[in-house]
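Engineer: Below is the sequence, then the predicted model.
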Amino acid sequence: YGNGSFQLPITYSTGYDSSPYFVIIADFNRDSWLDIAIAYAGIGSVGVFLGYHNGSLASAKTYSTGSTSVPYAIGIGDFNHDTNLDLAVANSDADEIVIVLGYGNGIEEPIEKDIWSANVPLPNPRISAILCVPTLATTISDRLSLLKSPIEIEYGKDP
């Protein structure tokens, strides 16, 4: 409305016991409309809601981050240099980072874990990119937080 107020909220289901923990917003399918990726701590996966021109969202497509994973955070970047946004998912209980590659039409399945994720202590000289995208996160107190600090992740042979 231009006066700092909001319309009534629209609720989208994230699924039973999904425990949405972290939200990040970007245009994953390059259609100029914002999409939302969510870390589902309760079911070991991430969900991607693709946005429509009218501000509504498609049903989420869910991608597993591993049977023992508890994803708590998501970063975005072009990790394989194909010009499409990818997700870096921090899995707390599995002590790993999983990279989920994007193909410009949304996000695809995680790449092989033994290549990109394996108990990598941070900082680590094998990992290098700075992700400076504002993110919107849900918290345990049912509030939303806007996080503007850059997230630093290093990757590559010799950054």
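Structural biologist: Done, it's in. Numbers count the residues shown, from 1 in each chain.

Engineer: Check what pLDDT residue 24 gets.
Structural biologist: Note for residue 24: predicted pLDDT of 93.

Engineer: For beta bridges, what are the partners of residue 76?
Structural biologist: With DSSP bridges applied, residue 76 shows beta-bridge pairing to residue 87.

Engineer: now the strands: where do they sit in this structure?
Structural biologist: Counting by DSSP state E, one finds strands in the chain at the ranges 20-26, 35-40, 45-49, 61-64, 71-77, 86-91, 96-102, 107-110, 127-131, 135-138, 144-147, 151-155.

Engineer: which strands and helices sit next to the first one?
Structural biologist: Read that as strand 20-26. strand 35-40, strand 71-77, strand 135-138 (3 or more Cβ pairs under 8 Å, 6 or more residues apart in numbering; DSSP states H and E). Heads up, the C-betas are built off the backbone N, CA and C, glycines and all.

Engineer: quick one: buried residues of the longest one?
Structural biologist: For strand 71-77, the neighbour count (16 or more other Cβ atoms under 10 Å) marks 71, 73-77 as buried.

Engineer: and of those residues, the nearest to residue 92?
Structural biologist: Top of the list for closeness to residue 92, among the buried residues of strand 71-77 and by Cβ to Cβ, is residue 71 at 7.5 Å.

Engineer: The closest one touches residue 89, doesn't it?
Structural biologist: Yes: the pair formed by residue 71 and residue 89 meets the contact definition of Cβ atoms under 8 Å, at 4.8 Å.

Engineer: Show me whatever sits in contact with both of those two.
Structural biologist: Both residue 71 and residue 89 are in contact with 39, 46, 65, 98, where contact means Cβ atoms under 8 Å, 6 or more residues apart in numbering.

Engineer: can you pull the contacts of the third one?
Structural biologist: So the one you mean is residue 65. Residue 65 sits next to 44-46, 71, 89, 91, 94, 98, 100, 110 when contact means Cβ under 8 Å, 6+ apart.

Engineer: want to try CSV for the helices and strands packed on strand 20-26, with distance to residue 3 and mean pLDDT as columns?
Structural biologist: Supplementary listing: those in CSV, determined by distance: least, Cβ to Cβ, whole Å; pLDDT from 0 to 100:
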stretch, distance to residue 3, mean pLDDT
strand 35-40, 25, 93
strand 71-77, 31, 91
strand 135-138, 21, 41
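
Engineer: got a list of what residue 104 touches?
Structural biologist: Contacts for residue 104 (Cβ under 8 Å, 6+ apart) come out as 29-30, 83-84.

Engineer: are any of those buried, and which?
Structural biologist: By the neighbour-count criterion of 16+ other Cβ under 10 Å, those include these buried positions: 29, 84.

Engineer: Okay then, goodbye and thanks.
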